[in-house]
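Novice: let's see this in three dimensions:
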Amino acid sequence: MKNILKLALVLLPFLTQAQGSLKASLDKVKGYVKEIKLEKSSINQQLSYADATPYDIKIAITNTDSKGKSIEEIYEFNLGLMGEVKRSASSKEMKVELTSLKNQKVIRYTKGGEMQNYENKIELLFENIDDAREVEKNLKDAIAAAKIAWEGSIKLPKDDLSALQTWLEQNIKDVTAEKQSFKQSLKKSSTYKDRATLNLEENDGKKTTEMQSDFSWGDLNDGSAELKISGKEIYISAKAKNDFIRNQQGSSMKGYDDEIKFYAQTPSDGSVLMMAIQKIIPAAKKELQVRLPKLATKEDGFKILKDRTKDFKVNESNYSQKITPTCLTSYDLKSEVKGKTIDENFKFNFGDLSDYKLSVSKEVIKITAKVIDNKKFIKYIKDGVLQNYDNSIDFILGDLEDARYLAEALPAISKGCKSNVTVGDFNSLVSKLKSIENPKQELILQDGSDKCKWKFTSTMAESKKSVETISEWNLYDIDPKKIDIDVSGKIVGITAYTLNKEKFIKQTKDSKSGFSSEINLIINDIEDAQKALATFKNLVEGCKK
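Specialist: Numbering: from 1, shown residues only. Model (predicted):
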C-alpha cells in the first residue's frame, strides 16, 4: 500500500503538468478555430473540451449556405487516440486535417442532430497560412500531452489474473448504439481461474438474441485483442488459435468458435477494455499451464481417463461411453444423433498409440490418436459387425476441460504401456495358428527334430472347395528384419520374406509345386500377432546356417 501511495505521489505532479500543458495548447488552438467566410457560404467552427478530462474534445462545425440554411456537424473524440496532423492548401481553401491512430474510426460524428457512422478524420478550415501553422503546431503538442494525460488516468490492475478478472467483470457493461443495445455481463468461473462466461443479449429494435460464450482467457492469442468500430458499433475482438470458445443460445449449443467480442460505449472505453484484455491473456496462459496435470505414471493417467470420460448430451444428440483403464483396452461408444443410433467398439493397446491431437468438430470435442507408423492395429466393430482394422481412433468428449486434461493424460498412458512383448516358443506359435478356424493352419518341424526346418500347411475353405497350400523352408533363409505384422481389411497376419527375397520357400498349392519368397501366417488379433511376431523373429535369429 505504501508503494502504491508513493507511486501516486510521483505520478500526480507529472499528470497534472501534462493536463496543464494540454489545456494551454488547446486554448491556443481555440483562438484560431473560428468562423470562416467562403464565397457562397460560411463555416462556423468551435472547439471545446471537458475541464476534468481535457483530452475529450468536441468540435462543432455549422455550415450556412447562401440562402441561410444551416446544418450542424459535431465531432467528439479522445485526442489521445489521434495520430497525424497534416496541413494542406488548395486554390480555394487552407486546411488542417487531424487523423486518428491507424486510421481507426474513433471520432463520433453527428450531423443534423442524428448520429452517423464513426469517422477517422476531421478537417478545420483557416483564413491564412499563419493561423494554419499555429494550429498544426499546437495540435501536435496537444496530442502528445493528451496521450500522457489520458493514459495516466487509466487505472488498470497489475498483471494479476484474479484482479484483472474482477476488473473486467465490473467494466464489461451494457452498451447502446442508436437503435441497437447490448446487454452484457462477464462472470469468472468458480472452478478454473482462467475461465469466464460472457452473457450477451443483443436487441436491434426488431428482435432480441441471447448468447452465452464460455471460454478461457488463456486460449486467446497474445496481442489478438483489437479495437474495432463498424458503423456505430464499437467492440473488442479477441481470437484464439483453436475453436475453443463454446457458444450457447438459449438451451441450444451453437457450436465452437475462435473469436469473442466485447462491446464498448465509446472508443475510449473500448481502448481501455482492449488494454485490460491484452494484459489478462498472458496471465491466464500461465495459470492454464500451471493447472494442467503433471503426470508421472500411467496410473495417474488412468485416473484422469476414468474421471474425465463421461456420458454427455449436446442438443438432441446423446453420447454414452465406457473405456477400460488398462493398457490392452476396450472402448465402447454409443451415439444417438438425429434419431440414428450407432454402437461402436474399439480394441487396442495404448502402447501402440501416439500423436494425440485435440480438436473441435461441430458439437463435440475429439482427441485423435494415431497408431505408431500408421499401422492398422485398432480392431473396430460397428453395430456388432467387424469392420476393417484402422490406424487411428477418436476419443469423444462434451467438455473442453475434460478433453484438455485427458489430452495430457493419454500420452503418459501410452508411454507407460510401452513394453517388450513376451517372446514365446515354437509350441506357443503353433497354438496361435491353430486357434484360427479358416484357414486351418498347421505348423510342424519338417523331420520332427530339426528346429530350423519348418513345414506349414494352410487349408482355406472357400464356397465350393478347399484350397490347401503347403510351404517348407529353412529358418536361416528368412530375413529377421523382413518379418512384420500385416493387416489387410479384417485379416491380421504375419508376413515374412526370405533373404534378398530369393525364392527359397518350396510351396505346393493344389498339388502344384513351385517356389516363393514369402510366407503368410494368419493370426487371431493384434495382441496375438505381436506375440507371434516376437516369437517368429526370435526363432529365426536362433537358427544359423
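Novice: spell out the residue ranges of the strands in the stretch 151-300 of the chain.
Specialist: Counting by DSSP state E, counting those that start in this stretch, the segments of the stretch 151-300 of the chain that form strands are 175-177, 180-188, 195-203, 208-216, 226-230, 233-239, 245-249, 252-257, 259-263.
Novice: include mean neighbour count, mean pLDDT and distance to Ile436 when you put those strands into a markdown table, please.
Specialist: Placement of C-beta: from N, CA and C, glycine included. As requested, those are exported to a markdown table (neighbours: other Cβ atoms under 10 Å; pLDDT from 0 to 100; distance: least, Cβ to Cβ, whole Å):
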| stretch | mean neighbour count | mean pLDDT | distance to Ile436 |
| --- | --- | --- | --- |
| strand 175-177 | 17 | 89 | 71 |
| strand 180-188 | 17 | 95 | 60 |
| strand 195-203 | 18 | 96 | 53 |
| strand 208-216 | 17 | 95 | 51 |
| strand 226-230 | 17 | 95 | 64 |
| strand 233-239 | 21 | 96 | 55 |
| strand 245-249 | 18 | 95 | 48 |
| strand 252-257 | 17 | 93 | 46 |
| strand 259-263 | 21 | 97 | 55 |
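Novice: tell me which of the ones you listed lies nearest to Gly398.
Specialist: strand 252-257 (9.2 Å; Cβ to Cβ).
Novice: didn't Ser335 look like it was pressed against Glu316?
Specialist: No: the criterion here is Cβ atoms under 8 Å, and Ser335 misses it with Glu316 at 11.8 Å.
Novice: who has more neighbours out of these two?
Specialist: Ser335 (16 against 11; other Cβ atoms under 10 Å).
Novice: neighbouring contacts of the helix or strand hosting the more buried one?
Specialist: Using DSSP states H and E, Ser335 maps to strand 328-337. Strand 328-337 is contacted from outside by 317-324, 341-350, 393, 395-396, 527, using Cβ atoms under 8 Å, 6 or more residues apart in numbering.
Novice: show me which of these are buried.
Specialist: 317, 319, 321, 323, 344-350, 393, 395-396, 527 (16 or more other Cβ atoms under 10 Å).
Novice: from those residues, which land in helices?
Specialist: Using DSSP state H, the subset of the buried ones among the contacts of strand 328-337 located in helices is Glu527.
Novice: of the buried ones among the contacts of strand 328-337, closest to Gln387?
Specialist: Glu344 (9.1 Å).
Novice: who's that closest one bridged to?
Specialist: Leu333, Lys382 (DSSP bridges).
Novice: how much space between it and Lys357?
Specialist: Distance of Glu344 to Lys357, computed by Cβ to Cβ, to the nearest Å: 20 Å.
Novice: got the buried residues for stretch 116-125?
Specialist: Buried residues in stretch 116-125 (16+ other Cβ under 10 Å): Tyr118, Glu119, Asn120, Lys121, Ile122, Leu124, Leu125.
Novice: same question, stretch 144-157
Specialist: Quick answer for stretch 144-157 (16+ other Cβ under 10 Å): Ala144, Ala145, Ala146, Lys147, Ile148, Ala149, Trp150, Gly152, Ser153, Leu156, Pro157.
Novice: what kind of secondary structure is Asn44 in?
Specialist: strand (DSSP: H, G, I helix; E, B strand; the rest coil).
Novice: I'd guessed it sits against Glu35; true?
Specialist: Yes: applying Cβ under 8 Å, one finds Asn44 in contact with Glu35, separated by 4.4 Å.
Novice: still on that earlier bit, among the strands of the stretch 151-300 of the chain, which is nearest Ala534?
Specialist: For those, proximity to Ala534 was assessed by Cβ to Cβ; strand 252-257 is nearest, at 43.8 Å.
Novice: residues touching that closest one, excluding its own?
Specialist: For strand 252-257, the external contacting residues (Cβ under 8 Å, 6+ apart) are 211, 213, 243-248, 314-315, 360, 362-363, 365.
Novice: dump these into CSV; add distance to Leu288 as well.
Specialist: Below are those laid out as CSV (distance: Cβ to Cβ, whole Å):
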residue, distance to Leu288
Met211, 24
Ser213, 17
Asp243, 17
Phe244, 11
Ile245, 14
Arg246, 16
Asn247, 20
Gln248, 22
Val314, 24
Asn315, 28
Val360, 17
Lys362, 24
Glu363, 24
Ile365, 16
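Novice: circling back to that earlier point, in strands, which of the buried ones among the contacts of strand 328-337 appear?
Specialist: Residues of these located in strands (DSSP state E): 317, 319, 321, 323, 344-349, 393, 395-396.
Novice: reformat the strands of the stretch 151-300 of the chain as TSV; add distance to Arg291.
Specialist: As requested, the strands of the stretch 151-300 of the chain are arranged in TSV below (distance: least, Cβ to Cβ, whole Å):
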stretch	distance to Arg291
strand 175-177	32
strand 180-188	14
strand 195-203	10
strand 208-216	10
strand 226-230	28
strand 233-239	21
strand 245-249	18
strand 252-257	21
strand 259-263	21
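Novice: nearest to Trp473, of those?
Specialist: Per Cβ to Cβ, nearest to Trp473 of the strands of the stretch 151-300 of the chain: strand 252-257, 56.9 Å.
Novice: can you tell me the closest non-neighbouring residue to Met82?
Specialist: Excluding the flanking residues, the one nearest Met82 by Cβ to Cβ, 6 or more residues apart in numbering is Ile143, at 5.2 Å.
Novice: circling back: show me which pair in the buried residues of stretch 116-125 is furthest apart.
Specialist: Tyr118 and Leu125 (22.0 Å).
Novice: any idea where the helices of the chain begin and end?
Specialist: Going by DSSP H, the chain shows helices at 2-32, 129-153, 161-171, 267-291, 298-308, 400-417, 426-434, 526-541.
Novice: pLDDT (mean, whole number) over the last one?
Specialist: Model confidence over helix 526-541 averages 96 on the pLDDT scale.
Novice: give me the contact list for stretch 139-158.
Specialist: Residues contacting stretch 139-158 (Cβ under 8 Å, 6+ apart): 11, 14-15, 18-19, 21-22, 25-26, 29, 53-55, 78-80, 82-83, 85, 96, 98, 163-164, 166-167, 268, 272, 275-276, 279.
Novice: tell me which residues touch the closest residue to Val29 other than its chain neighbours, please.
Specialist: Using Cβ to Cβ, 6+ apart and skipping residues adjacent in sequence, the residue nearest Val29 is Asn138, 4.9 Å away. Asn138 makes contacts with Ser25, Leu26, Lys28, Val29, as judged by Cβ under 8 Å, 6+ apart.
Novice: for Asn138, give its distance to Pro411.
Specialist: From Asn138 to Pro411 the distance is 63 Å (Cβ to Cβ).
Novice: what of Leu386?
Specialist: Distance from Leu386 to Pro411, by Cβ to Cβ: 29 Å.
Novice: so which of these two has more stuff around it?
Specialist: Pro411 (17 against 12).
Novice: my read: the more buried one touches Lys357, true?
Specialist: No: assessed by Cβ under 8 Å, Pro411 is found out of contact with Lys357, at 11.0 Å.
Novice: poorly predicted segments of the protein, please.
Specialist: 1-18 (pLDDT under 70).
Novice: what residue of it is the furthest out?
Specialist: What lies farthest from the middle of the chain is Asp447; by Cα atoms, centre = their mean that is 64.4 Å.
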